[in-house]
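Novice: Okay, sequence plus prediction incoming.
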Amino acid sequence: MTDDAAAARSAAEEESALSHPPVEPDATAAYGDDPDQLIDFYAPRGEGGPAPVVVVLHGGAWRTPYDRRHVSPFAAFLAGRGFAVASVEYRRGAGEPGGGDPVAGRWPDTFDDVAAAVDALPGLVRECVPRADPRRIVLTGHSAGGHLALWAAARHVLPAGSPWRTDGPAPLRGVVALAPVADLEVADKLAVCGGAVRQLLGGDDHFAERRPYADPGLLLPTGIATTLVQGRTDVVVPQAVAESYAEAAAKAGEVVGVTLLEDVGHFPLVDPGADACAVVAEEIAQLAW
């Protein structure tokens, strides 16, 4: 496939994924005082006992124009499969004063928020989704959100002195990361999302010093069941990024599952109208139930 054809295909996949109207949550709760510190909850559809909780971290290169509403159809799709869903909002990078394109992420705010949301989640689940089982939680995230999901599951192996470090692993059933920005060094070399990785860590002056606190590829092994789902024709976050993370995990003595989908790019993984989305739901189910 030529570069032009690949770009056209990716654009069509993005258009399809973003064509679904936003789905309003069943409940919304705050985990902090900032307007972006919110979690939308979707109750499991259908009958049955307490449902596992899927925590969704949206993508969008950690930039402000992309928020949780663009993955609300995906969250509703998972709720339709019988999961309780918690879709997390977090602070992202905004444009410079006076205009300009949004930068990626806010240091340390983006990481502060994800850590706080995950810590607050069990209590909020009990309040907002009575039919959910907060003892069975799976983290998932797409693209930049996949990075945050892997990072959130690795806080217990952060360097000593990190404000986000926990004493032990989070009580998770596992992580299913979707086309994740899983290795910041490789993603930076590939200029993923227009240099978003370097912006996330504060630019050239801070990239090296902050990587140990932010790069899932350095935070291994986690001891938490982890699966990466990746489209082979993804031109947004190429397959090489996921493969590098899986290789780093193997070197650390940990087996990370990698599900590669043929003829699938970046966006079908969170597009309820795409077959790839059903594969994602099955990967989550294998860890959750």
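Specialist: That came through, no problem.

Novice: in its sheet, what does the lengthiest strand in the chain sit against?
Specialist: Determined from DSSP state E, the single longest strand within the chain is strand 132-142. In the sheet, strand 132-142 lines up against strand 51-57 (parallel), strand 174-178 (parallel) (DSSP bridges).

Novice: Buried residues, the helix or strand following the first one. List them.
Specialist: If I follow you right, that is strand 51-57. For strand 51-57, the succeeding helix or strand toward the C-terminus, using DSSP states H and E, is helix 72-80. Across helix 72-80, burial judged by 16 or more other Cβ atoms under 10 Å covers Ser72, Pro73, Phe74, Ala75, Ala76, Phe77, Leu78, Ala79. Any C-beta I mention is one placed from the backbone N, CA and C, and that applies to glycine too.

Novice: circling back: which one of the strands paired with strand 132-142 lies nearest to Ala116?
Specialist: Nearest to Ala116, of all the strands paired with strand 132-142, is strand 51-57, at 13.0 Å by Cβ to Cβ.

Novice: That closest one relative to helix 72-80, how many degrees between them?
Specialist: Using axes from the mean of the first three to the mean of the last three Cα atoms, to 10 degrees, the inter-axis angle of strand 51-57 relative to helix 72-80 is 170 degrees.

Novice: so of the strands paired with strand 132-142, which one's packed in deepest?
Specialist: Mean neighbour count (mean count of other Cβ atoms under 10 Å) peaks for strand 174-178 among these, with a mean of 29.

Novice: could I get the buried residues of helix 72-80 as a markdown table with distance to Leu57?
Specialist: Converted to a markdown table, the buried residues of helix 72-80 look like this (distance: Cβ to Cβ, whole Å):
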| residue | distance to Leu57 |
| --- | --- |
| Ser72 | 13 |
| Pro73 | 16 |
| Phe74 | 11 |
| Ala75 | 11 |
| Ala76 | 16 |
| Phe77 | 16 |
| Leu78 | 13 |
| Ala79 | 16 |
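
Novice: Show me where the stretch 51-200 of the chain dips below the pLDDT cut-off.
Specialist: Confidence mapping of the stretch 51-200 of the chain against pLDDT under 70 gives the ranges 96-100.

Novice: try 80
Specialist: 95-101 (pLDDT under 80).

Novice: that older thread, tell me the one of the buried residues of helix 72-80 nearest Glu254?
Specialist: Leu78 (26.1 Å).

Novice: who touches the closest one in this structure?
Specialist: Neighbouring residues of Leu78 by Cβ atoms under 8 Å, 6 or more residues apart in numbering: Tyr42, Val54, Val56, Val85, Ala281, Ile284.

Novice: any idea where the strands of the protein begin and end?
Specialist: Under DSSP E, the chain gives strands at 27-30, 38-42, 51-57, 84-88, 132-142, 174-178, 226-231, 257-261.

Novice: Quick check: longest helix in this structure by residues?
Specialist: The single longest helix within the chain, with elements called by DSSP state H, is helix 109-128.

Novice: wouldn't Ala30 be in contact with Gln37 here?
Specialist: Yes: the pair Ala30 / Gln37 is scored as a contact, 5.8 Å apart, by Cβ atoms under 8 Å.

Novice: Those two - which one has more neighbours?
Specialist: Gln37 (20 against 14; other Cβ atoms under 10 Å).

Novice: Which residue, other than its chain neighbours, is closest to the more buried one?
Specialist: Tyr31 (5.2 Å; Cβ to Cβ, 6 or more residues apart in numbering).

Novice: what's the neighbour count on the one you found?
Specialist: Using other Cβ under 10 Å as the criterion, the residues surrounding Tyr31 number 20.

Novice: Verify the contact between it and Val118 for me.
Specialist: No: applying Cβ under 8 Å as the test, Tyr31 and Val118 come out as separate, 9.1 Å apart.

Novice: Start and end of stretch 265-277, how far apart?
Specialist: Distance between the boundary residues of stretch 265-277 (Cα to Cα, to the nearest Å) amounts to 12 Å.

Novice: Residues touching it, excluding its own?
Specialist: 9-10, 13-14, 16-18, 20, 59, 71, 73-74, 76-77, 142-143, 178-179, 229, 231, 233-237, 261, 264, 280.

Novice: pLDDT of it, averaged?
Specialist: Stretch 265-277 comes out with an average pLDDT of 97.

Novice: Only the buried residues of it, if you could.
Specialist: Result for stretch 265-277 [16+ other Cβ under 10 Å]: buried residues Gly265, His266, Phe267, Pro268, Leu269, Val270, Asp271, Pro272, Ala274, Ala276, Cys277.
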